[in-house]
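>>> make a model of this:
(4 chains)
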Protein chains: 2
Amino acid sequence: MARQREFNEDKALDAAMQVFWEKGFEATSISDLTSRMGIQRPSIYSTFGDKKGLFEAALRKYTSFHAAYVRTNLQNNASVKEAFRAFFENMVAKEYKKSPNWGCFCINSMVELSPHDEKFEILTREHQMYLSVIFQETIERGLRSGELDAGINAKGLAQTLVVSLIGLTVIMKSRPERSFVDNSVEVILTLLN
Amino acid sequence: MARQREFNEDKALDAAMQVFWEKGFEATSISDLTSRMGIQRPSIYSTFGDKKGLFEAALRKYTSFHAAYVRTNLQNNASVKEAFRAFFENMVAKEYKKSPNWGCFCINSMVELSPHDEKFEILTREHQMYLSVIFQETIERGLRSGELDAGINAKGLAQTLVVSLIGLTVIMKSRPERSFVDNSVEVILTLLN
DNA sequence: AAAACAACATACTGATCAGTACGTAATTTT
DNA sequence: AAAATTACGTACTGATCAGTATGTTGTTTT
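All right, here's what the predicted structure looks like:
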């Protein structure tokens, strides 16, 4: 290579992720991206291909960060029940702090793009499957330690918690009364008993 | 009025609903709409205001139809447990038949528009609240008949079922293995026991 | 039948879209 | 230092966007 990059590719991608997360794919223009990424239009195309390529890179960055975040959170607590409670309650509290509330970039993409683009159908599905595995491993840890009832179906419960997590994330976009979400979390957590 | 309408407003709105449901707000152009509605561009503006006005009319039509559909479905069965089982299983089966899978127009709108437009935040929230009331009334019917355990918290459970319904609808957009969704439905239904 | 009125269709507006051609600046290799 | 290479910035492309001006057609009222 001759001349060196003046911008940090990772920081630029991070900025793009935020814009796409906030506005979605269709509502985001290249001009929105250049201004927030702090780079020129041709730099986007030479570095990331096209708009969809940039979106894909941003989503991959998000999912890998998010997966690590979820994994760390659940491993952080010796009690599996407390780990899930803290995880769900924290996630609710965080969403109610922000206004407006962008939800989860992967879920947003699943809703907007998956039915129209197989690449994103696969990408978003695989992230949910990955979360499901993390949940399942956490539940199995609770089964081994005896904290959880041996009658629990780890896989089915993990899948249900992923579904619940999605449902909570989505409904919070419409800003229901806090008690609505709190009640739901409470009922969902009874599945661990 | 002088000259009479040549198109059926209700049928045109129905066509618009389908387009918006399939593609979302941003990805739908006025040209998409005119061709599918079978009317000319100025007819849209004179009848529905602007693109967002048409979208709102379409979404209102959807939610009122959907609410009636859910209500009828749940009232159709003497057993509350069987009613919820049939409702969830039917909803899963229907989504897996269609390809691609547009999900729920109201949920799509909640994800795409609610964080950026208060009108749709309210509209989509109120539909979820309405569904929650239908669910709660159904659960209370089961409590009165003795079919459901008296310890059940009707409101909290209804809210949780709404959250679960949203989660299931959304995750099916990424076409997970059928067993993933079936397992989740099974676990969710245990909340009625 | 004439006048008023409303829905129709065509064709247009300026703005913005995603993507690119091209000239300039910086860094490397020869 | 000259040549090659790559990034940068400006300015552009044709296409498409949401929305509208305008003239025509059909129906009602006078």
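>>> what's the nearest residue in chain A when you look at chain B?
When you check chain A against chain B by CB to the nearest CB, the closest residue turns out to be residue A:167, at 3.1 Å. Where you see a C-beta, it was placed from the backbone N, CA and C, and this is true even at glycine.
>>> and the angle for the host helix or strand of that residue with helix B:154-171?
Secondary structure here is read from DSSP states H and E; on that basis residue A:167 sits in helix A:154-171. Per axes from the mean of the first three to the mean of the last three CA atoms, to 10 degrees, the angle that helix A:154-171 makes with helix B:154-171 is 90 degrees.
>>> same for helix A:154-171, what does it pack against?
Contact here means 3 or more CB pairs under 8 Å, 6 or more residues apart in numbering or on different chains; DSSP states H and E; on that basis helix A:154-171 packs against helix A:80-97, helix A:105-112, helix A:118-145, helix A:178-189, helix B:105-112, helix B:154-171, helix B:178-189.
>>> make a markdown table from the ones you listed and add mean neighbour count to it.
As requested, the helices and strands packed on helix A:154-171 are exported to a markdown table (neighbours: other CB atoms under 10 Å in any protein chain shown):
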| stretch | mean neighbour count |
| --- | --- |
| helix A:80-97 | 16 |
| helix A:105-112 | 26 |
| helix A:118-145 | 18 |
| helix A:178-189 | 20 |
| helix B:105-112 | 26 |
| helix B:154-171 | 25 |
| helix B:178-189 | 20 |
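>>> out of those helices, nearest to residue B:87?
For the helices and strands packed on helix A:154-171, distance to residue B:87 was read as CB to CB. The smallest value, 8.7 Å, belongs to helix B:154-171.
>>> now do that closest one against helix B:178-189, angle only.
Our comparison of helix B:154-171 with helix B:178-189, counting by the same axes, to 10 degrees, yields an angle of 170 degrees.
>>> alpha carbons of helix B:154-171, as CSV, please.
Extracted in CSV, the C-alpha atoms of helix B:154-171 (Å, rounded to 0.1, in the frame of the first residue of the first chain):
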residue,chain,number,x,y,z
ALA,B,154,-54.3,-13.1,35.3
LYS,B,155,-52.9,-9.8,34.4
GLY,B,156,-49.3,-10.7,34.7
LEU,B,157,-49.8,-13.9,32.8
ALA,B,158,-51.7,-12.1,30.0
GLN,B,159,-48.9,-9.6,29.7
THR,B,160,-46.4,-12.4,29.5
LEU,B,161,-48.4,-14.2,26.8
VAL,B,162,-48.4,-11.0,24.7
VAL,B,163,-44.6,-10.7,25.1
SER,B,164,-44.3,-14.3,24.1
LEU,B,165,-46.5,-13.8,21.1
ILE,B,166,-44.3,-10.9,19.9
GLY,B,167,-41.2,-12.9,20.5
LEU,B,168,-42.5,-15.9,18.5
THR,B,169,-43.7,-13.7,15.7
VAL,B,170,-40.4,-11.9,15.4
ILE,B,171,-38.1,-14.9,15.6
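>>> distance from it to the middle of the chain?
From the chain centre to the centre of helix B:154-171 is a distance of 13 Å (CA atoms, centre = their mean, to the nearest Å).
>>> ok, now stretch A:149-165?
Its chain's average C-alpha position is 19 Å from that of stretch A:149-165, according to CA atoms, centre = their mean.
>>> so who does the residue of chain A closest to chain B touch?
Contacts were defined as CB atoms under 8 Å, 6 or more residues apart in numbering or on different chains; by that measure residue A:167 touches A:184, B:162-168, B:170.
>>> quick check, nearest of those residues to DNA strand C?
For DNA strand C, the nearest member of these is residue B:170. The distance, counting by CB to the nearest atom of the strand, is 24.8 Å.
>>> so which residue is dead centre in chain A?
Against the mean C-alpha coordinate of chain A, by CA atoms, centre = their mean, the closest residue is residue A:104 at 4.5 Å.
>>> against residue A:15, how distant is the nearest residue to it once chain neighbours are set aside?
Excluding the flanking residues, the one nearest residue A:104 by CB to CB, 6 or more residues apart in numbering or on different chains is residue A:169, at 5.0 Å. In this structure, residue A:169 and residue A:15 are separated by 23 Å, where distance is defined by CB to CB, to the nearest Å.
>>> nice, that's everything, thank you.
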